[in-house]
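J.: I'll drop the sequence and a predicted model, then ask my questions.
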Amino acid sequence: MTDASDQITDEGLVNLAIDPDVLAQELAAELLGDPLDEIDPESAGPNALSVARECELGLDWLQKGHQERRLQGLRVFCEHRDPRALPLLIPLLREPCPVERMSAVYALGRNPCPRAVEILVQLLKTDGNAYVRKATAWSLGNYPDASVLQPLVDALQHDVAAVRLWAAGSLAEVGGNSLKNAESAADQLLISLRIDSEPLVRSNCIWALGRLHDKLPESLRAQMVDVFFNVLLNDLEASVRDEASIALEQLENPQVIARLKGLIDEGLLV
């Protein structure tokens with residue numbers, strides 16, 4: 001390849017470059033956000049040809065020996081799907097660098113691989129870095145394997161706020177795979193909605209429960225509605241009350257709508 005070709009590679013994908021030193025500093029400040037939070041899971045690039053080109057470059061970068069190139073390759077597969085990347089991504093889950101582990105986890109959420117499930121579950125349970133666990137909580141939502149349900153429930157019960165936030169969202173995805181999963185996920189989401197100290201987590205529990213509503217038995221649907229009304233009337237955080245109000249309206253249940261109108265008429269809701 002010519003020097004001109006190398007220039008196209010570097011300049012054409014400049015936005016994929018990641019400075020590992022900067023990211024390492026960011027990782028030291030737990031839960032302040034991670035460098036891949038802005039990834040659009042639906043992004044597909046300007047056209048198929050450019051995506052194919054990026055994936056070819058990504059595969060090449062993943063096979064390079066040095067860390068900066070691997071990180072560039074990981075960023076590509078956080079945005080695009082390519083089954084050829086899977087055997088290159090899985091070994092990176094065991095890298096000592098948390099930036100690489102985190103990026104590999106996100107990439108395997110974008111490119112689900114059944115062979116990665118066991119390692120991802122173990123990372124969610126035991127990895128010492130909250131960014132890695134947060135990424136894993138998100139990624140596992142893309143895996144239909146029933147074995148991921150309980151680890152996500154455990155994370156929603158016990159982990160730090162950022163991990164609990166993503167665990168709640170992933171429970172909506174995993175819970176949608178079967179009636180049994182939906183009930184198990186909803187049971188924990190209802191508990192966390194009542195007791196979690198973080199408003200964003202409570203809001204995400206409401207969103208997740210709304211996603212599961214149609215898959216739940218009538219008794220659990222009724223319980224969910226009662227809990228939403230309790231949140232609407234009693235939660236101290238306005239954003240959580242708003243989320244509950246939206247969720248109740250989206251059920252499009254005449255009895256629920258009438259109950260909301262009654263609370264407004266009584267002056268209990270604005």
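T.: Yes, it's here. What you see is a predicted model; the values in this text were computed from it and never measured.
J.: show me the helices in the stretch 101-250 of the chain, by range?
T.: 117-126, 130-139, 149-158, 161-175, 179-195, 199-212, 218-234, 238-250 (DSSP state H, counting those that start in this stretch).
J.: just say which of these is most tucked in.
T.: Among the helices of the stretch 101-250 of the chain, judged by mean count of other CB atoms under 10 Å, the one packed with the most neighbours on average is helix 130-139 (a mean of 27). Any C-beta I mention is one placed from the backbone N, CA and C, and that applies to glycine too.
J.: name the helices or strands packed onto that helix?
T.: Contacts defined by 3 or more CB pairs under 8 Å, 6 or more residues apart in numbering; DSSP states H and E place helix 130-139 against helix 98-110, helix 117-126, helix 149-158, helix 161-175.
J.: need the CA coordinates for that helix. CSV is fine.
T.: Taking only C-alpha atoms (Å, rounded to 0.1, in the frame of the first residue of the first chain), the coordinates of helix 130-139 have been written out as CSV:
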residue,chain,number,x,y,z
ALA,A,130,-17.7,-0.2,37.1
TYR,A,131,-17.3,0.8,33.5
VAL,A,132,-16.8,-2.7,32.4
ARG,A,133,-19.7,-3.9,34.5
LYS,A,134,-21.9,-1.2,33.1
ALA,A,135,-21.0,-2.1,29.5
THR,A,136,-21.7,-5.7,30.3
ALA,A,137,-25.1,-4.9,31.8
TRP,A,138,-26.0,-3.2,28.5
SER,A,139,-24.5,-5.9,26.3
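J.: which residues does it contact?
T.: Helix 130-139 has contacts (CB atoms under 8 Å, 6 or more residues apart in numbering) with 27, 30-31, 34, 36, 98, 101-103, 105-106, 108-109, 112, 120, 123-124, 127, 152, 155, 159-160, 162-163, 165-167, 169-170.
J.: let me know the average pLDDT across that helix.
T.: Throughout helix 130-139, pLDDT has a mean value of 97.
J.: where are the low-confidence patches of the stretch 101-250 of the chain?
T.: Under the criterion pLDDT under 70, no range of the stretch 101-250 of the chain is flagged.
J.: ok, residue 251 touching residue 212?
T.: No. Checked against CB atoms under 8 Å, the pair residue 251 and residue 212 is beyond contact range at 12.0 Å.
J.: before we move on, the earlier item: and of the helices of the stretch 101-250 of the chain, who's closest to residue 81?
T.: Comparing those by their distance to residue 81 (CB to CB), the top pick is helix 130-139, with 13.4 Å.
J.: measure how far the closest one is from the centre of its chain, please.
T.: Remark: helix 130-139 is offset 7 Å from the chain centroid, using CA atoms, centre = their mean, to the nearest Å.
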